[in-house]
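Q: I'd like to go over a predicted model; first the sequence, then the structure.
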Amino acid sequence: MALDLHCYFDEGNQADSTQYSHVTLTAACGTPKQWQKFERDWTALFPKYHMAFFHATEHKNQTDLMEDFASVAHEHSRRGGNRDSFRHGLYIFSATIPLDDYNKARNDNPQVPVDAYDILIREVFFRCVEWGSKVIGAREYHLIFDDLEPYRGYVCDWKRNPKALKEYPMLNDCSITKGNMRKTPGLQLADLFAFSHSNRSAQNGNIWHQMVMGVDQHVYDFSYEDLLIPVEAAIEKRDYWKLPKRAATK
């Protein structure tokens with residue numbers, strides 16, 4: 001049975017800030033019914049902690065709170081690695097770039113994209129859509145992006161580009177919207193995973209962090225070698241599509 005997939009994208013840390021060592025982009029994916037069940041249990045915790053929304057950066061030092069939200073995330077995420085397991089939970093995609101390695105690779109190879117956001121959105125978006133199409137038979141993709149982050153603009157550029165649409169017709173099956181993280185539980189869940197991946201060294205001693213990292217999920221950590229030698233096809237697409245140029249990561 002074909003499915004409509006709703007995917008929420010959120011970032012952990014910022015590529016343009018020197019205070020961070022890693023940046024992560026996460027997409028949390030599920031069907032409307034799965035999201036409805038998740039949102040019920042997620043928002044049920046708000047009155048307990050007298051809060052209006054969840055944000056990992058703000059709540060990371062509240063152990064009980066973080067463990068409760070991590071428990072909901074774990075409960076509603078998929079278990080097992082096959083198609084049937086997806087019916088039992090949401091699926092998470094995360095990609096992480098170590099910024100020191102990225103800057104070194106960019107200095108060593110002029111072919112490395114000057115924009116870390118571009119690398120992250122390509123990895124997460126195409127992995128997500130490929131999985132949705134080949135594994136669960138997704139029919140339509142509803143992509144929701146944090147309205148304060150830049151990633152939505154990249155996918156909009158692809159959808160407006162005739163060459164990109166010809167090469168990737170699945171872009172026609174994608175609707176793109178922006179959401180307010182404070183009002184959107186799906187973005188808050190993606191934020192929890194993105195924060196957990198991008199701050200592993202600081203948080204890995206916490207039980208809530210172990211719960212989040214223990215979820216069955218797709219994880220890709222870029223190494224220096226990955227960044228130094230970009231996939232040739234990606235370079236060709238970048239040049240052939242002639243997409244709008246964006247500011248380089250600082």
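A: All right, it came through fine.
Q: Helix or strand: which one has the residue lying closest to H218 once chain neighbours are set aside?
A: In space, and not counting its chain neighbours, H218 is closest to F93: 4.6 Å by Cβ to Cβ, 6 or more residues apart in numbering. C-beta coordinates here come from the backbone N, C-alpha and C atoms, glycine included. According to DSSP states H and E, F93 maps onto strand 91-98.
Q: and that strand, how far from the chain's centre?
A: 6 Å (Cα atoms, centre = their mean, to the nearest Å).
Q: And stretch 39-50, by the same measure?
A: 23 Å.
Q: Could I get the buried residue list for it?
A: Across stretch 39-50, burial judged by 16 or more other Cβ atoms under 10 Å covers E39, W42.
Q: Look up phi and psi at the residue nearest to the spatial centre of the chain.
A: In the chain, the centroid-proximal residue (Cα atoms, centre = their mean) is T26; its distance is 1.7 Å. The phi and psi values for T26, taken as degrees, to the nearest 10, are phi -120, psi 140.
Q: mean confidence for the strand holding F93?
A: Averaging pLDDT along strand 91-98 yields 96.
Q: Same question for stretch 200-216.
A: On average, stretch 200-216 scores 93.
Q: got it, and stretch 74-87?
A: 65.
Q: circling back: ok, and the closest non-adjacent residue to the residue nearest to the centre of the chain?
A: Once flanking residues are discounted, T26 sits nearest to A194: 4.0 Å by Cβ to Cβ, 6+ apart.
Q: before we move on, back to that, what's the separation between the residue nearest to H218 and E67?
A: 24 Å (Cβ to Cβ, to the nearest Å).
Q: Comparing the two, which residue is more hemmed in?
A: Neighbour count, other Cβ atoms under 10 Å: between F93 and E67, F93 has more, with 23 against 14.
Q: Isn't that one up against I121?
A: No - taking Cβ atoms under 8 Å as the definition, F93 is not a contact partner of I121, at 11.4 Å.
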